[in-house]
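> Mind folding the following:
(2 chains)
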Amino acid sequence: QVQLVESGGTLVKPGGSLRLSCEGSGFPFSDYYLNWIRKTPGRGLEWLSSIRPGGGNTYYADSVGGRFTISRDNARNSLYLQMDNLRAEDTAVYFCARGTQTLVRGVQMYYHYYGLDVWGQGTTVIVSS
Amino acid sequence: IMMTQSPLSLPVTPGEPASISCRSGQSLLHTNGYNYVDWYLQKPGQSPQLLIYLGSNRASGVPDRFSGSGSGTDFTLKISRVEAEDVGVYSCMQVLQTPYTFGQGTKLEIK
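Below is the predicted model of the structure:
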């Protein structure tokens, strides 16, 4: 069964740090771009960050760049989001989602995008004193 | 890239059609001919789910009453006949370039 499972959400004080995890199963984890997205109370979905299959390239939303760090450990089928200097406005449900699939044939890499087609169940982060 | 959806609230009678518009601040048409816009639905109490990718491609398992259309900067999600299970918040998302951005979301409710 193809799935992503997030963990690590909790109550944290403003200025604090937290590390979220997302474990994948049922698919070749190391072949996919992975993303973090959040849903804040009263606001819509917000894309936060993305990471290439090999982990070498990372991308961030302006709202979290410099405070959040995405990483992955393909040997553990795990994606992470290190969140530092947390603010009240970071209170949200955080989701990981699967993105572009990469395929290597010989020396050529191919990219196949079929949407963010697998999402985790979400983990809740509350930033409050 | 700014994504602007309308309407933000959409009450619909079951069996009737529904349409949601999404406008982007710049063209989402890639040189490969695909429009890099997706549509997602977040039902109450659930994670978001993919409905449409690259403008008009229905995701696996999505009923054929859902369709996506448009090109460039103007996109539309249509539901041919709304069912009670379609309630939730619909969001468009551009994936042409990072930072990826979502529209504000359209809340569909049943009359």
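> Show me which residues of chain A are close to chain B?
Within chain A, the positions adjacent to chain B are A:35, A:37, A:39, A:44-47, A:50, A:59-62, A:95, A:97, A:113-117, A:119-122 by CB under 8 Å from any CB of the partner chain. For the C-beta atoms, the positions are set from N, CA and C on the backbone; glycine is no exception.
> can you rerun that using 7 Å?
Proximity of chain A to chain B (CB under 7 Å from any CB of the partner chain) is limited to residues A:44-47, A:50, A:59, A:61-62, A:95, A:113-117, A:119-122.
> and the lowest-mean-pLDDT helix or strand in chain A, which strands flank it?
Ranking every helix and strand in chain A by mean pLDDT, DSSP states H and E puts strand A:108-112 at the bottom, with a mean of 89. Strand A:108-112 pairs in its sheet with strand A:92-105 (antiparallel), by DSSP bridges.
> which of the residues in the strand it pairs with are buried?
Using 16 or more other CB atoms under 10 Å in any protein chain shown as the burial criterion, the residues of strand A:92-105 that qualify are A:Ala92, A:Val93, A:Tyr94, A:Phe95, A:Cys96, A:Ala97, A:Arg98, A:Gly99, A:Thr100, A:Gln101, A:Thr102.
> Now that strand: average pLDDT?
Computed over strand A:92-105, the mean pLDDT rounds to 94.
> Please enumerate residues in contact with it?
A:4, A:6, A:9, A:20, A:22, A:31-40, A:50, A:53, A:79, A:81, A:109-113, A:116-120, A:122-125, B:47-48 (CB atoms under 7 Å, 6 or more residues apart in numbering or on different chains).
> Likewise for stretch A:72-85?
Residues contacting stretch A:72-85 (CB under 7 Å, 6+ apart): A:15, A:17-25, A:29-30, A:34, A:36, A:49, A:51, A:55, A:67-71, A:90, A:94, A:96.
> Any quick PyMOL command for the buried ones out of the contacts of strand A:92-105?
Buried subset of the contacts of strand A:92-105, written as a PyMOL selection, criterion 16+ other CB under 10 Å:
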select buried, (chain A and resi 4+6+9+20+22+32+33+34+35+36+37+38+39+50+53+79+81+113+116+117+118+119+120+122+123+125) or (chain B and resi 47+48)
